[in-house]
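# Fold the following.
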Amino acid sequence: MTDDTWTTVTRLHDWLTAHQNLPPGQEILLRVLKLSEEVGEAAQAVIGATGQNPRKGCDTKSLSNSCSIRREERLNSS
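Modelled structure (predicted):
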């Protein structure tokens, strides 16, 4: 990470802290939960885009090229 990244992180932290209305412990809990939610959504998108969930197949709305490559690999390995 660059110094610019950490400057941005510090600014965001300061802004969030200045605008919090909850007790500090509760605020931190909710920040961690929100971060976990976002990470989960990103993971779900990658799994769907790469076709790693055989029950659902590929998510053709994103990274459709990756899905077609994975499909070809599966067909060629049979």
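# hang on, isn't Leu16 packed against Lys34?
No: at 10.4 Å, Leu16 does not count as touching Lys34 under the criterion of CB atoms under 8 Å. For the C-beta atoms, the positions are set from N, CA and C on the backbone; glycine is no exception.
# Could you look up the SS state of Leu30?
Secondary structure, DSSP: H, G, I helix; E, B strand; the rest coil: Leu30 is helix.
# just checking, it touches Leu22?
Yes: contact between Leu30 and Leu22 holds when scored by CB under 8 Å: they sit 7.0 Å apart.
# Where does the prediction get shaky in the chain?
Residues of the chain meeting the criterion pLDDT under 70: 59-78.
# at 80 instead, please
Applying pLDDT under 80 to the chain flags residues 1, 53-54, 56-78.
# elements contacting the helix or strand containing Ala45?
Assessed by DSSP states H and E, Ala45 sits inside helix 24-49. Here helix 24-49 touches no other helix or strand, going by 3 or more CB pairs under 8 Å, 6 or more residues apart in numbering; DSSP states H and E.
# And it, what's buried?
For helix 24-49, burial by neighbour count (16 or more other CB atoms under 10 Å) applies to 48-49.
# How far away from the center of its chain is that helix?
The chain centroid and the centroid of helix 24-49 are separated by 7 Å, computed with CA atoms, centre = their mean, to the nearest Å.
# and what of stretch 47-60?
Centre-to-centre, stretch 47-60 and its host chain are 16 Å apart (CA atoms, centre = their mean).
# Buried residues, it. List them.
By neighbour count on 16+ other CB under 10 Å, the buried set for stretch 47-60 is 48-51, 58-59.
# among those residues, which two are most distant?
Longest distance between any two of the buried residues of stretch 47-60 is 9.0 Å, between Thr50 and Asp59; criterion CB to CB.
# Look up how far Thr7 lies from Ser36.
Distance of Ser36 to Thr7, given as CB to CB, to the nearest Å: 25 Å.
# Cool, thanks, signing off.
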